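Trainee: Could you work out the structure for the sequence below:
(one chain, ligands or ions: 1)
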Amino acid sequence: MPSRLAILGSTGSIGVNTLKVVDGHPKRFKVVALSAYTNIALLKEQIKRYQPAYVAAKASVLVQLKQEFCSLRIKFFDVEREAACLAGLREIDTVVLAMRGAGALAPFLEAVRAGKRVAAANKEALVIAGDLIMKEARKYKAVIIPIDSEQSAIFQCLDGQKAPVRRVHLTASGGPLQEVAARDFSKMTVKDILRHPRWQMGPKITVDSATLMNKGFEFIEAQRLFGLSFDQINILIHPQAIVHSMVEFSDGSILAQLGVTDMRLPIQYALTYPQRLDTGLKPLDLVQWQSLTFQKPNLKKFPALGLALEVAQKGGTLPCVLNAADEEAVDAFLKEKINFTSIYKVVEKVVRRHKIEKKPSLFDIYAADEWARQEARTILWR
Ligand code: MG
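Mentor: The predicted structure follows:
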């Protein structure tokens, strides 16, 4: 029996790579549901090729899609209001959460409550409501396997281990600005920032990699996913991005996961776990790299990471506010409305103004998200 997939965010970078994994093992997987937000042309190609039974897209294009694919008997949903419906479908075994942003929270919770395997590339949902998601996952026996390369590495190093964990070493390539002087940051254009040295990713996460905010989110994500305390997580800058992360056990032994920088590796692992199949990727040539280096992150040069670490410790609704403010500020940068250094300034202002709700309900989280976006927009457009 093939594993039946719902791919939420099928036209983004993770979604496209997930479909490449499917193409590599067509007998093992069946695409049952797809959802996309902006790239309708690609979604149409995917519908033709994979003929899913369910599709979610923006309400404004649903009539057009229904007409074009009337012979396929597809059930259509509004992606903005009903993405969660796809995540809970009975005909699905695995939900690939490839959509970005806080909007993934509802489908994430739905998938977990339906006891699915969740291959999670989205980190925002875990950052803003990770405790709630993990609690529900335990209750409904859902399996969450991270796709984010660092979290996948930690997951792989922990698999089958019973010994207590002393520390986790979360690696960061450092993004495109490691070699750029901080005084030149304000001159960085969108084009400069989107040129990531090691990873091909979507624009939002590439900007977050440049500020190192992405690593701050991953710090919070790792704490939630693996039930760690924050002082057990050590961030290391590792520009070669060959070691995707490491786990140090109580005896001082460290296990690392190494691999090429291609997201098909962690995606396929999340889909086939505990099995491993050929990925067709070129093997990692360690000799070519000569040396692998590790250093402490510079929090003065990259204040967004320092802010994220502080926010992580304070907890409650604050990580949600950090995420929402960052989404708004990065969006403004990508639209060339603010410069690169203003991203941090906007996010910091919003974070400082927030009154933390220590033990938030789902309602409190949505309210904090909305408050932070309004606050960020007020600062941005003033
Ligand atoms: Mg990552």
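Trainee: Show residues contacting the helix or strand of the chain with the lowest mean pLDDT.
Mentor: Using mean pLDDT, DSSP states H and E, helix 286-289 stands out as the lowest-scoring helix or strand of the chain, at a mean of 92. Residues outside helix 286-289 that contact it (C-beta atoms under 8 Å, 6 or more residues apart in numbering): 240, 242, 258. Just so you know, the C-beta spots here come from the backbone N, C-alpha and C atoms, and that holds for glycine as well.
Trainee: Compare these and tell me which is most surrounded.
Mentor: residue 242 (19 neighbours; other C-beta atoms under 10 Å).
Trainee: In contact with it, which residues?
Mentor: Here residue 242 is in contact with 258, 259, 261, 284, 286, 289, 292 (criterion: C-beta under 8 Å, 6+ apart).
Trainee: Distance of residue 216 relative to the ion?
Mentor: 12 Å (C-beta to the ion, to the nearest Å).
Trainee: related to what we said a few turns ago, could the contacts of helix 286-289 go into a markdown table alongside distance to the ion, pLDDT and secondary structure?
Mentor: Formatted as a markdown table, the contacts of helix 286-289 follow (distance: C-beta to the ion, whole Å; pLDDT from 0 to 100; DSSP: H, G, I helix; E, B strand; the rest coil):
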| residue | distance to the ion | pLDDT | secondary structure |
| --- | --- | --- | --- |
| 240 | 15 | 95 | coil |
| 242 | 14 | 97 | coil |
| 258 | 15 | 98 | strand |
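Trainee: Nearest to residue 113 among these?
Mentor: residue 258 (35.4 Å; C-beta to C-beta).
Trainee: returning to that earlier point: now the contacts of residue 242: which count as buried?
Mentor: 259, 261 (16 or more other C-beta atoms under 10 Å).
Trainee: ok so, going back, would you pull up how far the least confident helix or strand of the chain lies from the middle of the chain?
Mentor: Chain-centre distance of helix 286-289: 29 Å, with C-alpha atoms, centre = their mean, to the nearest Å.
Trainee: now swap in stretch 222-234 and tell me
Mentor: 17 Å.
Trainee: how about the residues of the chain near the ion?
Mentor: Within reach of the ion by C-beta under 5 Å from the ion, the chain has these residues: 148, 149, 150.
Trainee: quick one: pLDDT of the nearest residue in space to the first one that is not next to it in sequence?
Mentor: Read it as residue 148. Counting by C-beta to C-beta, 6 or more residues apart in numbering, residue 148 lies nearest to residue 123, which is 5.9 Å off, once chain neighbours are set aside. On the pLDDT scale, residue 123 is placed at 94.
Trainee: got the contact list for residue 123?
Mentor: 148, 217, 218, 221.
Trainee: Show me what the helix or strand hosting the second one packs onto, helices and strands only.
Mentor: Right, the one you point to is residue 217. With elements taken from DSSP states H and E, the one containing residue 217 is helix 213-226. Using 3 or more C-beta pairs under 8 Å, 6 or more residues apart in numbering; DSSP states H and E, the elements in contact with helix 213-226 are helix 124-140, strand 143-146, helix 149-158, strand 165-172, helix 203-211, strand 233-237, helix 303-314, helix 318-334.
Trainee: rerun at 6 Å
Mentor: Applying 3 or more C-beta pairs under 6 Å, 6 or more residues apart in numbering; DSSP states H and E, we find helix 213-226 packed against helix 124-140, strand 233-237, helix 303-314.
Trainee: and residue 372, which of those is closest to it?
Mentor: Closest among these, using C-beta to C-beta: helix 124-140, at 10.1 Å.
Trainee: still on that earlier bit, please render the contacts of residue 123 as JSON lines that adds pLDDT and neighbour count to the earlier fields.
Mentor: What follows is the contacts of residue 123, written out as JSON lines (pLDDT from 0 to 100; neighbours: other C-beta atoms under 10 Å):
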{"residue": "148", "pLDDT": "95", "neighbour count": "27"}
{"residue": "217", "pLDDT": "98", "neighbour count": "26"}
{"residue": "218", "pLDDT": "98", "neighbour count": "29"}
{"residue": "221", "pLDDT": "97", "neighbour count": "27"}
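Trainee: tell me the two of those residues that are most distant?
Mentor: 148 and 217 (9.2 Å).
Trainee: quick revisit: how about JSON lines for the helices and strands packed on helix 213-226, with mean neighbour count and distance to residue 45 added?
Mentor: Below are the helices and strands packed on helix 213-226 laid out as JSON lines (neighbours: other C-beta atoms under 10 Å; distance: least, C-beta to C-beta, whole Å):
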{"stretch": "helix 124-140", "mean neighbour count": "20", "distance to residue 45": "27"}
{"stretch": "strand 233-237", "mean neighbour count": "19", "distance to residue 45": "39"}
{"stretch": "helix 303-314", "mean neighbour count": "19", "distance to residue 45": "37"}
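Trainee: Present those as JSON lines; the columns should include distance to residue 268.
Mentor: Output for the helices and strands packed on helix 213-226, formatted as JSON lines (distance: least, C-beta to C-beta, whole Å):
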{"stretch": "helix 124-140", "distance to residue 268": "21"}
{"stretch": "strand 233-237", "distance to residue 268": "26"}
{"stretch": "helix 303-314", "distance to residue 268": "29"}
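Trainee: number of nearby residues for the nearest residue to residue 182 once chain neighbours are set aside?
Mentor: The shortest distance from residue 182 to any non-neighbouring residue, by C-beta to C-beta, 6+ apart, is to residue 301 (4.7 Å). Neighbours of residue 301 under the rule other C-beta under 10 Å: 15.
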